[in-house]
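S.K.: Test case, fold it:
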Amino acid sequence: MSYTVKITEIYSLTHDVKKFKTEKPQEYKFKPGQATEVAINKEGWRDEKRPFTFTSLPDDDYLEFVIKSYRDHEGVTKQIEDLVEGDELIIDDSWGAIEFKGKGVFIAGGAGITPFISIIKNLKASGEIGDNKLIFANKTGKDVIMESYFHEILGENFISILDGEKLDGHAHGRVNMEFLKEKLDDFSQKFYVCGPPKMVEGVSEILEKLGADPDGITFEE
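M.R.: Predicted coordinates for the structure are as follows:
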C-alpha cells in the first residue's frame, strides 16, 4: 500500500546528510530498524523508489528519515536534497531485516548507521541502553552523522573510526580483525552490521573467524 506524506521539517546534519520529518499516516506501523520504499511526489519521479530507514520511533506522531545525498549522481538522493518543506514523498509499507534481538555491538559504515538510529533511540527511551556498543566507520570527521548524540547516549561505548584522516577522539583505520580484537573482548554476543555491501561481508567474515555465532550476526541483505 502507498501513502503520500508532506514534509514538515528539514534539518542539515552534515555537509551531505539531511533529516526529513514528514506527516505520519494514521495506523502506520514500523519496528525500529525497519525501512520503506520512498519516491518523490513530482512528475518523472513517482516511480523512482529507493529504500530509506525510519529514524523516528514507532510511537512518534511523525515519520523521520536521515538521508545522505550523492551529488555526483543524477538520481533520487540528489533530487531529495533539493526538496523543501511542503513537498511530498510517497512511501510504502515498512519492511526490513535489522531488528534488535538482544544486547550486542552495532557496526555501521557511513549511511549504514540509519537502521541503528531508531534502535538506539528506542533502547534509550525504554531505559535499556545498557552495555550496547556502537562502532561507526567513516572517511572523515565531517562525515560522522549525529556524533554528539551517540557520545551523549553511549559514552565510551561509542567508537568512531575514520580511514581518511587522523583526528583526536576517533580511531584511525578500518574495521579489520586487529581493530575488533583490540576493541572487543566478547565475540559470543550479538552483532548488527550495516553499511556498504563489501564492508558488511568483510566484517561478518571477520566476526565469524573471531568466534561469533553466524546466527548471532544480523545484517541487511
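
S.K.: contacts, neighbours, all on C-alpha from now
M.R.: Will do.

S.K.: got any ranges where this structure has weak pLDDT?
M.R.: Within the chain, the stretches with pLDDT under 70 are 73, 220-221.

S.K.: what helix or strand does Asn122 sit in?
M.R.: Assigned by DSSP states H and E, Asn122 belongs to helix 114-125.

S.K.: How far off centre is that helix?
M.R.: Distance, stretch centre to chain centre, for helix 114-125: 9 Å (CA atoms, centre = their mean, to the nearest Å).

S.K.: So what touches it?
M.R.: 32-35, 53-57, 66, 98-100, 106, 129, 153, 194 (CA atoms under 8 Å, 6 or more residues apart in numbering).

S.K.: which ones among those residues are found in helices?
M.R.: Ile153 (DSSP state H).

S.K.: Are any of the contacts of helix 114-125 buried, and if so which?
M.R.: 32-35, 53-57, 66, 98-100, 106, 129, 194 (16 or more other CA atoms under 10 Å).

S.K.: how would you label Ala137: helix, strand or coil?
M.R.: Following DSSP: H, G, I helix; E, B strand; the rest coil, we place Ala137 in the strand state.

S.K.: That one touches Glu165, doesn't it?
M.R.: No: counting by CA atoms under 8 Å, Ala137 stays clear of Glu165, with 11.8 Å between them.

S.K.: the helices in this protein, which residues?
M.R.: Along the chain, counting by DSSP H, helices occupy 76-81, 114-125, 147-154, 177-183, 197-209.

S.K.: which other helices and strands contact the first one?
M.R.: I take that to be helix 76-81. Judged by 3 or more CA pairs under 8 Å, 6 or more residues apart in numbering; DSSP states H and E, the packing partners of helix 76-81 are strand 35-40.

S.K.: Next, the angle from the strand it packs on to helix 114-125.
M.R.: Put simply, strand 35-40 runs at 120 degrees to helix 114-125, going by axes from the mean of the first three to the mean of the last three CA atoms, to 10 degrees.
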